[in-house]
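Visitor: coordinates only, sequence not included:
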């Protein structure tokens, strides 16, 4: 069983930056992958970025490529999402997730979810 706790959300101005953290309790196995998703009001949850736990391979949604960076710190069982050049379209609840099988860019392949953290970007 894996429990995830996000932190670091809040209010940012357009063009600004935020860093989200996701601390995992329980064992993250070598074959796991971790992801950040977001859900804006009235929209479906969508992937933002993902990373394989062992090799550190990354995936980014087109909307955030070049602006967001996902990373992980294995000894701390923590995943980060650095968000730069924020804009109003980035406003959403951001969720951290972990999964153990399948393509890591697909929401269906994530088994464990955090409670989410609100990110609001003011223009």
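Guide: Right, received. Where do you want to start? The structure displayed is predicted, hence computed values, not measured ones.
Visitor: pLDDT at the residue nearest the centre of the chain, what is it?
Guide: Centroid check for the chain by CA atoms, centre = their mean gives residue 36 as the closest residue, at 1.9 Å. Looking at residue 36, its pLDDT reads 98.
Visitor: Partner strands of the helix or strand where it lies, with direction?
Guide: Per DSSP states H and E, residue 36 falls inside strand 33-39. Strand 33-39 has the following strand partners under DSSP bridges: strand 46-52 (antiparallel), strand 92-99 (antiparallel).
Visitor: Most tightly packed of the ones you listed?
Guide: strand 92-99 (a mean of 23; mean count of other CB atoms under 10 Å). C-beta: built from backbone N, CA, C; applies to glycine.
Visitor: just how off-centre is that one within its chain?
Guide: Chain-centre distance of strand 92-99: 5 Å, with CA atoms, centre = their mean, to the nearest Å.
Visitor: Over to stretch 51-60?
Guide: 12 Å.
Visitor: and that stretch, which residues are buried?
Guide: 51-53, 59-60 (16 or more other CB atoms under 10 Å).
Visitor: what pLDDT, on average, does the helix or strand hosting residue 119 get?
Guide: Secondary structure assignment for residue 119, by DSSP H and E: strand 117-122. In this model, strand 117-122 has a mean pLDDT of 98.
Visitor: contacts for that strand?
Guide: Contacts to strand 117-122, defined as CB atoms under 8 Å, 6 or more residues apart in numbering, come from residues 6-14, 16, 18, 20, 38, 83, 86-94.
Visitor: separation between residue 15 and residue 120?
Guide: 14 Å (CB to CB, to the nearest Å).
Visitor: Going along the chain, name the strands of the protein.
Guide: 3-7, 10-13, 18-25, 33-39, 46-52, 58-60, 68-73, 78-83, 92-99, 112-113, 117-122 (DSSP state E).
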